[in-house]
Each structure stands twice: as C-alpha cells, then as structure tokens.
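# just the structure for this:
(2 chains)
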2 protein chains.
Amino acid sequence: MDGWMERRAWLPMLNQLPQEGLETPLAMAKYELEAYFAGREKTVCRLDAALGEGFEITEENGGLSIRGGETGVLYGAYALIRARACGEDLPRGVQKPYYPLRMINSWDNMDGSVERGYSGRSIWFEGGRFAYEPARIRQLGRMLASVGINVLCVNNVNVHQPAQHLLDTLLPDTARFASLLRPFGVRLMLSIDFSQPMQQGLPTADPLDEGVRAWWADTARRVWSAIPDLAGFLVKADSEHRPGPNTYGRSHAEGANMLARAIAPYGGALVWRAFVYNCMQDWRDQTTDRPRAAYDLYMPLDGAFDGNVILQVKHGPYDFQVREPLSPLLLGMKKTNLAIEFQLAQEYTGHQIDLYAMPPMWRECFDQMGKERVRAIAAVSNLGRDDNWTGHPFAAANLFAYGLFAWNPDADPEKALRQWAKLTYSLPENQTAALTGILMKSQEAYENYAATLGLCWMVTPGDHYGPNPYGYEFQAWGTYIRADRNAVGIDRTGGGTGYVNQYPEPLRSLYADAHTCPDNLLLFFHRLPYSFVMKDGRTLIQRIYDDHFLGCAQAEEMARALSGLELPFPDRKEAEERMQKQLANAREWRDIVNTFFHRFCGIADDKGRKIYD
Amino acid sequence: MDGWMERRAWLPMLNQLPQEGLETPLAMAKYELEAYFAGREKTVCRLDAALGEGFEITEENGGLSIRGGETGVLYGAYALIRARACGEDLPRGVQKPYYPLRMINSWDNMDGSVERGYSGRSIWFEGGRFAYEPARIRQLGRMLASVGINVLCVNNVNVHQPAQHLLDTLLPDTARFASLLRPFGVRLMLSIDFSQPMQQGLPTADPLDEGVRAWWADTARRVWSAIPDLAGFLVKADSEHRPGPNTYGRSHAEGANMLARAIAPYGGALVWRAFVYNCMQDWRDQTTDRPRAAYDLYMPLDGAFDGNVILQVKHGPYDFQVREPLSPLLLGMKKTNLAIEFQLAQEYTGHQIDLYAMPPMWRECFDQMGKERVRAIAAVSNLGRDDNWTGHPFAAANLFAYGLFAWNPDADPEKALRQWAKLTYSLPENQTAALTGILMKSQEAYENYAATLGLCWMVTPGDHYGPNPYGYEFQAWGTYIRADRNAVGIDRTGGGTGYVNQYPEPLRSLYADAHTCPDNLLLFFHRLPYSFVMKDGRTLIQRIYDDHFLGCAQAEEMARALSGLELPFPDRKEAEERMQKQLANAREWRDIVNTFFHRFCGIADDKGRKIYD
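The predicted structure follows:
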C-alpha cells in the first residue's frame, strides 16, 4: 500500500478508495454518505437541477434529505459529514457558494517539478507527460470537492514546453485526466502560452491578426469538444519574460478579449493575471515603484474587457509577501470582472516548514475589500506528491480553509481552523483548542520575525526561505528596502512614488500619514528614521528589535504547545521535525535582521538583549 | 564541419585534424612539424630516453634537430613551432619542466555539466557516460601538450554518481579515453570518492580497516592494469559535505596514506586537497576564521604523509577569491610534498565574460612563495564544449600561460600573454601589443571594481558573478565582511582571529600592522574605520570609492582598446559581446558597492561623483 493511501487529511473516509465507475457527483455523494455513516444515519439524495451548486439539508422521515443541484448534492453530502464529524449543527436553509469559480492554480510543470512547490513533485506530471495513479487523482477530487473547490488549473502559469501540447497532441490525455475529476464537480482549467500560435507555424501571435484569431477559435473548438466542461484558460502575459500582446503594441484588453471570444461559445472563462510589472528595473531608479504597476496598467482598461474575461489580481500589489496592503486594483476597478488570488504554497511564508495559517489574513482582506468586489477566487496550490499531500501535515489546513472561504467569504478563521483540526485528528477538545491556537498565532509569529512593519523582500534570493535582508536590494525585480544608516523604507506617499494615491479615501489619507498608517504597513508606505516614534511611544528601531525577539519567542511557544499534542504517527514526527527547522529559521531571522539594522543605525536595544555584532 | 574544428586557439595547425594512428609522442612530433613547416624547414627528431620530458634543439646540417625523451621530443617540436610562429629565438640548451606534474583538474560531471564551467558542457561526459568525438579529444591533447601540460583529471573532485564507476564498470571506457591522450604525453588522473568501498558493499570506509585497505589495493591493481600510466587519484575529503577519514576519527594523513600505499606499486600519486574548512559556520561566531582552517588542520601533520602523497593547496586560504594572500600552508609545510592549485575557470573572476588574465597574479604567487616550495602544480580547467574551447576566446590565454608557468615558474606574464596573442591572431605588432596590454590590465581592473583592499565574497551567492556585498554575510560558509556604520573587515591580527600568526616573519609583521600591510590586502587582515588614513593620505572610504570608479573606467578603456583590434570572426563578435556584459557588470559593481558603503558610513565622495542613494 502506498504511503499516501494511509493519509486521510481532513476527510474521515479518505483512507478508503471509492469504488470505481462512480461517474456523477450524485453517485459519489451516495457513496460518501454510505462510506461515512455505514448505515448509522439514514440519508437520501435528491437532485434539484435548479439549485446548481447549492443544496439544502432537511430532516425527513427520521433521516436526512439532501436536495441539491448536480454538484450541490455532493457538496451537501460533504457538508453533512463535516457537521456530524465535528458535532456541529447542520446548515439551515439553502446553501450556495458565494463565488461561482473557486479555483486552485497548480504551478506544476510537465517535467514533474512544481514551481514553488514544497510538497514534493507533481501529482500528475512527470517526464514531460501525464503520469499519475488514477486512484490518487480521485482522492484529490474528493479532497477538493469536500470543501467546495470546483476548478483545478493543471499546469503552471509559466507555460514551459511541452505544456503547450496539452491543447493538441496531449489533448486526449488532458481529457482523460478531466474525466477523473468530473464526478467530483471539479472542472479543469489550462494555462496557455500567448505565443502558442507561433509555435505551431503562424508568423505572429498578434491578437488583432485574423489568422491568430482563427487559430485560437479553432483551438478552442477542438479543446472544448474533447473537454466540454473545461472551465477556461488562465494566462500570464507580458510578465516576467512571458510573451503577451505588448509585443505587438496591443493592449491587455485586446489580448484578453481575443482569447475570450474564442472560448465564449463554450462558456469558457478567460482568466488573465494582473501580475505584470517591470522585472528589469534598475535599482538606481527611485521613481519606478513596482507596487504601482498593476494599477497603472489596468485602471485605464477598466470596462474594456469582455464579459467572460476575469482579471485575476494578487491580494497585494507585490507578490504574496507576508504583509502587503490590499491591491488598490481590487478597490479601484468597477467595470471589470475580478478574481482575487491567494497563494497556499508558502513561497514567502515558510515553505511549509514554518507554520503559517492563512485564514486570519484572508479575513482581513475580505473585510477591507468587501467580498462583492470580486467575482471569483483563486489560490496557488500547496499540493504535491508527498504522502501527506502538503509537505507539512498542518499546511492542509490552508487548503481546507481556502475552500470554506471560497464558498463563504464571511467565514470565521478560527472556526475553519478548528474544524480542520477536529476533522483531521479527532483530538480531545483541549488539544483541538491548542492546535487551533497554534495555527491562529502562526501568521503573527512569522510576520514578527520575517516581515515586521511591512518590510518585504528581506528573503534569500531565488529560494525565498530564510533571511537575507539585503539579498534583493540591488536586483532588477523592484524589491528594495533602501536601509541606510539613518532610515529605512520607501516613501510611497504623494511626496514619494505616489503609490498611496491609488487608494480611495479614507484609506489614502490613513496610509499617507505615518502617524495614522497601521503599524504593520508603516515601512511599506513610509521611509522613516530609526528614531521615529511609533504610536505606542517606542522608536522604530526598538519596535524592529522587539518584534524579532517576540516572533522568535512565539515560535518557541508554538513548539512547546506542539509537543503537548497527541498527534498520530507520522504527523507528529513530521510536525516536530519541521518545528525544529522553524525554530532555527526564526532564530536566524531574529538575529540576522536585528544585527543588520544594528550595524546600520548603531542604536542599542533598550532591553539589553543580545544583538550580535 | 563542426564549429570547433575551425577554431585553432593558439596552435597554428589546430584547424587540421592529425592523421589517426599516431600512437607515440615521437610520431606526433613528426606529424606536427610536418604540418606546420610543410617542408619550409628541415627538422629531425631523435629520442634520448634519458632526457625524459626534456629536450634540446640544435642546428644540424642546415636543419634543426630535436633531441628529447619520450615526451620531450614532442614538447621540443611545439617549442620550435611556437618560437618560429612568434619570430622568437629558439630555446638554448636542454629544456626541462620545473614541475614533474603539470595538472589540469576538470570539474566535469558525468551528466555532462561542468561545475563552475563557463565554456559550455563537458567535452567528454554526457548522460552518465563518456560521450565525445575522438577527434576533438585529440585536438585537446595537442593543445595541452603544446604548452607542456601532462596530467588531466577527468572528473569533478566532487564525485557524483555514476563517476565512482570510472574505476569499475566504466573502466574500459576510461582506458579508451586515456589511450586517446597518450600520444600527447597527457596522462589521466581520476577523482575518487573516499566512501567508495561502502558503495560497493563494504560496511565501512575506515582507512585503518583491513578490508578497506584490501579493497583499495585490489581496485588500484585493476585500474592500473587497465591504464598503466594513470597519474594517480585526486581526493577531496571531509570538505563541503564530502566523505573522508574524519568520519572514522582518522587523520587526513591516515586517510591519504592508506590510498597512497594502494597505488604506490604503480607509481601513482595520491593528490589530497587541502581545501577543508567548516562550511557550517555560525555567522555569530567571530572566533572561527575560515582562512585559518587548512593551516590549523595540516601543519600538525607535516611529515606524516607518505612520499607519494601530494597535498594540493589552493593559492590562497579562502577559495580563489580575486585577492587573497598566499596560503600560509604553502610557506609553512616543510616535510610534505605540496602542489599549488590555481583556478583557470573564472568562478569568482568574471565567468569568462569579464576579462581576467591570471599570469600577473601567478607571478606574484611564485615570487612570494618561491617556486621550490611546491613539487607540483594544478589548475582547475576552464575548458568546455564551446567551439572556442574556453567561452571567451581570450580565456584561452590563461590555459596557454598556465602551461608555460607550470613548465617554468619563472615565466614572464607579459611575454606569455604576448606569445599567446601572437600565436592566436597574428595581428600587426601594435595590435598584438594592444591586446597584450588589455590582458595585462584586466586583473587589476577587475580587482578594482570587485575586490579592492582584499574584500572578498561580495558576490552573488551561488552564482558568484556580479556584486551582492551582503549576499554571503550571514551564511554558513565563513564568508564575512562585517561592514557596519563605522568600520569594515575582519581583524585577523593577534588581537583578532590570529590568522596572521600562521605566516613566517617578515610577512607576519608586515601584514599585522595596518600601516605596513599592502593596500590590496588591508581589509583581508584588518578591521578598519572608514576614516582610516591610508599610506597615500586618502581615507579608506575614499579609496573604496576611487577604486570602484577607477576599475570601471579601466573596463571602459579596455573596451575602447578592444574595439580597435582587427580580430577574426567570430572571435571579434564573441569578445565584443562579452565586453558589453563586462561593462554592465563593472558599472553594477561600481555603483552597488559604492552605494552599499555610502549607506553605511554616510561619507560623501570628495570628488563629488555620483553615488546613488
């Protein structure tokens, strides 16, 4: 038996393989209810197509009825199982997902590597082709469906050869893969390469060229005929050396709309990433400011995108840093379908070694943005071929909770994490509370030692794990902290790069004034002397020292709490081993960042703690 | 015709392939003379075994006689051709190489990659096995022999799978490869893995274990029976995570002698690298000092090594940095056979993009060390599968001159470089002088912008090209500059790490006093405030600024001089393209390092030049 078959993540019945040949969500729903309740509870499932993805659970004849649409009935089954396994009340009334597209973006390459993957190799690619155990793909489908995720983009947004061929020579394999996930209501999406027509012999990929339009129309026809429920295409264009419409002097609206029209006849969504900036910046240039890039590029295009285009915007203006303000594009665009993009893969947030539970951060995002500002939601996958799916067994909590937030962006972080803990480990109540507490504190601890006051990019270049405060300082990526002997940070107010003016009031004024700007974004928006006096009376440098000592102490607290948990093997071993690495990492962050700033400013810690020379 | 066949490097006749079947250096000598002179000059070759590698050229009957030992006769032929092609006088009297082992260490991996290779992939490995064009290997043999190099270590000192099998299943292929180079007097050497017995089923690799000794004795017997003239084994042990005798609590003498005894019956040399240090250092630890490591480890073992062990010591105590003092081990060990190791591959010295001619640096080394201190010489190869062999066509000058220095460590750098330029391009005299001038200035320019005052390691981590002044500052490699707002450098005097005490007088006192220490090593030995007044009255920080502006200006001068050279295609194109990259690199170095220190110290340039914020 493969190791992964013994791991059940948060699904109580995942350590059993469902029988094969279950081809619809309804059949799957019945199977799951039977597998979980084994007759202990009487359930019936009723299709009601009008409900779509929605469902309603009601009592009926001493049992329970799940009435739902084609996929809703399966979501209802999982909701029921979740409630029973957690001892929670059943949801009342009709339940419907808030966002119609609840997407996972996998950054899997066809050579089997996963860009920014921390859970082993790709679950479905290896050696330039699809290579997987069908049973494991079905398990994946169950995991995703059990939390309501309904779209899986299978290949990296950076489309490397031969992933272009998912649309042609490899299309039958793509279709076969899609069919494995269809019973779970999970539809495929494909990342495409804007220059693909040229790789097939066309002289151009100009979106206004008739031949190019025809090529994409024909491609869409072929692809949707093989995979009729394909969710759409995902495109990273004109970004980090990817091809795009700018090559031809065309706008991103022209580029996206051309593709959108090719796939509109089939109901496909064209998801266009707004992660576009100058990645060849000269560090000497203090006027170009990377966080401005997306707003500057896309705001003038608001209203120019077709109805089936979705502009997918990272939650912050940089790139999934530990602490960023909400992207102003998410607040500014009014006439464009938007998706917000999160990253479950812990690229900058601890590589699934350090604990970093994201729901509190999502809560802040939605509260500030307003859930209705976006029409869809996406997250970069944290999945891989590791037996436990997510590298760190607790990292599964982010995938689980992501599903819950995508379904209901009003979700409560603590409740979601507690539910995950309970479903996963069935520990005594006080231990479930302790585990939930560890997770709830994890983001704050990490932020304290790795990114206090909104300081981004002090990470090891390339790898993005561990501290290197000046590692990105002189690079071309627009990633600067500009620390010197007197001050640190970038002035993004009107007197500086003007980035703050991309925000609507009252945020604009709030952020623009260093005395009202939230502490956790202070050095994101302002360049300040080390002697700047914070709201609580501490100096900026003292706060930097304090937060680094605090973050490291919080990691040590988490380690103590973890050691008291009666986790099953091998989760306990995995969690403990990674915690040792996290402690080492936290200490490196604390000492290196404190030393770094102390070497610049020469100001002693007023508590006399050890800062190395 | 393959591109490489059209490149002749410094050998006028290299663009012709020699006939096959020439199996001895004598036959090869006759062929080369015929190929070069084509009857224009009458030559005879006479074997005189007593001369060994030596030769004598005399006039005889209106022609020239080359009397030489088995390989000496071939060296004589090349010496004659060189002299004629350069219009120089013939060497008078018997010529003999100073060092019996004149080695090239290739860091080629069997997957075809070359560690720190900047000239393309391996010439002889690919896909886990030998893979080469025999004709190209013969050309390589001619190039090496033409400058007297007589040992080629074929595989990386970091022995990765399956290179261990060069000694067993791949031994017939290794022998076949050796036979291609034998007519050129080039003998193979193999890098071995100290733990190899364990990979073949033994429970240990303990050098004092009888089974291990027997295993190596048996292995040596097999290997030398296949390759009777194998030069020996090269070993990197207990270094950078390589296995070694320390695992078993044995000394390096015990480890080396065990291997040396296994190969002694066959006349093999056991070359043991002294590049051993703690590569897991804590940056907080200011007492451990990496440059101390080799001396601390090996001096107590002086006299403990067998007669066929050669301890191969890098020329400086760190790792081929642009500027290091001579390794004190080379001055200290009296009862051990030493080899000095240089690195032709421009790992830290410009990746064969930036110009960096090494002969002036070698001249300094030999003058300080005394050529008689070492018994052998080695250099890491700069060769690869690029058509021009060395990435940058001018980088061949380092290989050429290395051969001349290995033969005669009293060689003159300028003469060697001029000879290379003349042989390679046959330009008008003023252009040969200009090219020689560019090369002679190249090291100084690079040092000015990349490593002034002996500051090491301000390079991009991992890659080692381009500036990243704090990139290695907090890593585990023992690579620190410890810049802060007041001072920079490491105190390696008696009051500091004590490293300077590893030097004999008068060097010890010279280096220990910041007022007598040579400027180019000042920050290698001392930690000094930016306001420190140098010998010429400038402050330390002003000197840092000045040297960076100067180095960059020197690169610009070299670019101007280069543009005036009438080089053949494609050398001109290759050299010009790389020069553009060098200029960009020099400007990055200038501005980033100046900004870096300016941010720390806040002291303005007294000439008012632009230093970016």
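
# can you list the residues of chain A near chain B?
A:283-284, A:286, A:461-462, A:467-471, A:473-474, A:482-486, A:588, A:591-592, A:595-596, A:598-602, A:612-613 (Cβ under 8 Å from any Cβ of the partner chain). From N, CA and C alone the C-beta is placed, and that goes for glycine too.

# select only the buried ones of the residues you listed in ChimeraX?
To isolate the buried members of the residues of chain A next to chain B in ChimeraX, using 16 or more other Cβ atoms under 10 Å in any protein chain shown:
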select /A:283,461,467,468,469,470,471,473,474,482,483,484,485,588,591,592,595,596,598,599,600,601
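
# list the contacts of stretch A:405-418.
By Cβ atoms under 8 Å, 6 or more residues apart in numbering or on different chains, the residues outside stretch A:405-418 that reach it are A:97-99, A:102, A:147-149, A:357, A:359-360, A:362-363, A:366, A:371, A:377, A:379, A:397, A:400-401, A:404, A:432-433, A:436, A:439-440.

# chain center to it: distance?
Once both centres are worked out by Cα atoms, centre = their mean, to the nearest Å, stretch A:405-418 turns out to sit 15 Å from its chain's centre.

# now stretch A:19-26
For stretch A:19-26 - counting by Cα atoms, centre = their mean - the centre lies 29 Å from the chain centre.

# same question for it: list its buried residues.
Quick answer for stretch A:19-26 (16+ other Cβ under 10 Å): A:22, A:24-26.

# so who does the residue lying closest to A:D547 once chain neighbours are set aside touch?
Spatial nearest neighbour of A:D547, excluding adjacent residues (Cβ to Cβ, 6 or more residues apart in numbering or on different chains): A:T452 at 3.9 Å. If a contact means Cβ under 8 Å, 6+ apart, then A:T452 has A:520, A:543-544, A:547-548, A:551 as its contacts.

# most neighbours out of these, which is it?
Per-residue neighbour counts (other Cβ atoms under 10 Å in any protein chain shown) across these peak at A:H548, which has 28 neighbours.

# the nearest residue in space to that one that is not next to it in sequence: neighbouring residues, count only.
For A:H548, ignoring the flanking residues on the chain, the nearest one in space by Cβ to Cβ, 6+ apart is A:R590 at 4.3 Å. Residues lying near A:R590 (other Cβ under 10 Å) number 26.

# what's A:E59 sitting at in phi/psi?
Main-chain dihedrals, A:E59, degrees, to the nearest 10: phi -80, psi 150.

# and stretch A:467-479, how far apart are its ends?
Stretch A:467-479 stretches 14 Å from its first residue to its last (Cα to Cα, to the nearest Å).

# centre of the chain to it, how far?
Put simply, stretch A:467-479 sits 23 Å off its chain's centre (Cα atoms, centre = their mean).

# average pLDDT across that stretch?
Average pLDDT, stretch A:467-479: 96.

# again, but for stretch A:265-274
Stretch A:265-274 shows a mean pLDDT of 98.

# which residues touch A:D606?
A:Q542.

# so the residue nearest to A:H548 is in which element?
helix A:571-601 (DSSP states H and E).

# by contact count, what packs against that helix?
Under the contact criterion of 3 or more Cβ pairs under 8 Å, 6 or more residues apart in numbering or on different chains; DSSP states H and E, helix A:571-601 touches helix A:429-450, helix A:540-563, helix B:571-601.

# now the ones you listed in a markdown table, with mean pLDDT?
What follows is the helices and strands packed on helix A:571-601, written out as a markdown table (pLDDT from 0 to 100):
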| stretch | mean pLDDT |
| --- | --- |
| helix A:429-450 | 98 |
| helix A:540-563 | 98 |
| helix B:571-601 | 98 |
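
# dump those into TSV; add distance to B:S327 as well.
Formatted as TSV, the helices and strands packed on helix A:571-601 follow (distance: least, Cβ to Cβ, whole Å):
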stretch	distance to B:S327
helix A:429-450	39
helix A:540-563	39
helix B:571-601	26
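
# B:N109: which of these is closest?
B:N109 sits nearest to helix B:571-601 of all the helices and strands packed on helix A:571-601, at 24.8 Å, using Cβ to Cβ.

# determine which two of the contacts of A:T452 are furthest apart.
The span of the contacts of A:T452, defined through Cβ to Cβ, is set by A:N520 and A:H548 at 14.3 Å.

# who are the neighbours in contact with A:V235?
A:157, A:191-192, A:194, A:255-256, A:259, A:270-273.

# helices along the stretch 201-350 of chain A, start to end?
A:210-226, A:252-263, A:293-298, A:328-332 (DSSP state H, counting those that start in this stretch).

# show me what contacts the residue most central in space within chain A?
With distances taken as Cα atoms, centre = their mean, the residue of chain A nearest its centroid is A:Q343 (2.3 Å). Counting by Cβ under 8 Å, 6+ apart, A:Q343 touches A:116, A:314, A:320, A:349, A:379-380.

# can you give me the neighbour number for A:E341?
Look at A:E341: counted by other Cβ under 10 Å, it has 24 neighbours.

# distance check, it against A:R290.
17 Å (Cβ to Cβ, to the nearest Å).

# ok, A:G462 next?
For A:G462 relative to A:R290 (Cβ to Cβ), the value is 18 Å.

# what does A:V147 give?
Separation of A:V147 from A:R290 (Cβ to Cβ): 33 Å.

# with neighbour numbers in mind, choose between the two.
Using other Cβ under 10 Å as the criterion, A:V147 and A:R290 rank with A:V147 on top: 25 against 22.

# so A:T460 touches A:G471, yeah?
Yes. Counting by Cβ atoms under 8 Å, A:T460 touches A:G471, with 5.8 Å between them.

# just to revisit the earlier point, select, out of the helices and strands packed on helix A:571-601, the one closest to B:Y36.
Using Cβ to Cβ, the helices and strands packed on helix A:571-601 put helix B:571-601 closest to B:Y36, at 21.0 Å.

# point out where the stretch 101-250 of chain A drops to low pLDDT.
Along the stretch 101-250 of chain A, segments meeting pLDDT under 70 are nowhere present.

# what's the per-residue pLDDT of the residue nearest to A:R508 when sequence neighbours are not counted here?
Among residues not flanking A:R508 along the chain, A:V500 sits closest, at 5.8 Å (Cβ to Cβ, 6+ apart). pLDDT, A:V500: 98.

# how many residues are close by A:V500?
Count around A:V500 with other Cβ under 10 Å applied: 27.

# excluding its backbone neighbours, what's nearest A:P245?
A:G255 (3.1 Å).

# now do A:A49
Closest to A:A49 by Cβ to Cβ, 6+ apart is A:G69, at 5.7 Å.

# so the one you found is in contact with A:L51, correct?
Yes. The criterion here is Cβ under 8 Å, and A:G69 meets it with A:L51 at 3.8 Å.

# what are the ranges of the helices in the stretch 351-500 of chain A?
Under DSSP H, counting those that start in this stretch, the stretch 351-500 of chain A gives helices at A:359-369, A:396-407, A:413-425, A:429-450.

# redo those as a markdown table? Include mean neighbour count and distance to A:T43.
Listed next are the helices of the stretch 351-500 of chain A as a markdown table, based on neighbours: other Cβ atoms under 10 Å in any protein chain shown; distance: least, Cβ to Cβ, whole Å:
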| stretch | mean neighbour count | distance to A:T43 |
| --- | --- | --- |
| helix A:359-369 | 19 | 30 |
| helix A:396-407 | 26 | 21 |
| helix A:413-425 | 23 | 19 |
| helix A:429-450 | 21 | 26 |
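
# I am finished for the moment; much appreciated.
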